[in-house]
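Colleague: With the input below, show me the fold.
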Amino acid sequence: MLENIKEQNILFLDIETVPQYPSYEELDERWKKLWDKKAKRIASEDETDEQTYRKAGIYAEFGRIICISVGFIRKDGEKRQFRIKSFANDDEKKLLQDFNSLIIKSFNKDYHLLCAHNGKEFDFPYIARRILINGLKMPKILNIAGKKPWQVKHLDTLELWRFGDYKNWTSLDLLTAIFNIPTPKDDIDGSMVAEIYYKNNDLERIVKYCEKDVTAVAQLFLKYKNENLINENDIEILT
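Modeller: As a prediction, this is how the structure comes out:
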């Protein structure tokens, strides 16, 4: 039950991903054929190959991670502080190595948990797959092979909101509005990340967007526990 979970033991996270290549035309023939098979199942009517390829970033086999933002809560009596650290790099392997180092050093105990919105279907498996693809060692908290459901140390704010109802998907943006969680006004959304990365070469802008989302996930989790939100002045970005 949520009331028994100490928020200090949770690492909140959010990831941003892009297609492996800037455009469909830059794929070699082998990868075009592989993507085309995938595209047949996901393409909308009258969609061009290039338009369909913009969706490649959501699949770990065809995309890559450009940013992982993590956050953790520190408590001093009744006062909470939320600290955020982002791992962003054009070199995905370096990004994942740095992320793994944090996990192994600071979040490797049996009582530690990961939390993301739609994390069980997207963030956690995506990170795990890209770790394998990059030839890195899988952190214990992500290695769920052979584990019973209650042994998996993953929390998902989307799953918690469903209360067993799997018919609908509820966005993080909608839930922050429902619970009156203040969020910075953004001029981008997830569908724009690839264009901002490849055309504008603006990774820093994407990092700020990712950090906003990881803060929203933590605030939403506190709302689920009927706890007070963390004050904006108590949110710190670590370099």
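Colleague: any chance you could map the strands in this protein?
Modeller: Assigned by DSSP state E, the strands in the chain fall at 10-19, 63-76, 79-88, 113-116, 154-156, 235-238.
Colleague: Select, out of the ones you listed, the one closest to Leu142.
Modeller: strand 113-116 (7.7 Å; Cβ to Cβ). For glycine as for every other residue, the C-beta is placed from the backbone atoms N, C-alpha and C.
Colleague: Dump the closest one to CSV, restricted to CA.
Modeller: The C-alpha coordinates for strand 113-116 follow below in CSV (Å, rounded to 0.1, in the frame of the first residue of the first chain):
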residue,chain,number,x,y,z
LEU,A,113,12.0,1.6,-6.2
LEU,A,114,11.8,3.2,-9.6
CYS,A,115,8.8,5.3,-10.5
ALA,A,116,7.7,6.7,-13.9
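Colleague: Show residues contacting that strand.
Modeller: By Cβ atoms under 8 Å, 6 or more residues apart in numbering, the residues outside strand 113-116 that reach it are 5, 9-15, 107, 122-124, 141-142, 153-157, 217-218, 221.
Colleague: Ok, stretch 181-197 next?
Modeller: In contact with stretch 181-197 (Cβ under 8 Å, 6+ apart) are residues 16-19, 54, 57, 66, 173, 175-176, 202-203, 205-206, 209, 212, 215-216, 219-220, 223, 229, 232.
Colleague: and if we set it to 6 Å?
Modeller: Glu16, Val18, Gly57, Thr176, Asp202, Arg205, Ile206, Tyr209, Lys212, Ala216, Gln219 (Cβ atoms under 6 Å, 6 or more residues apart in numbering).
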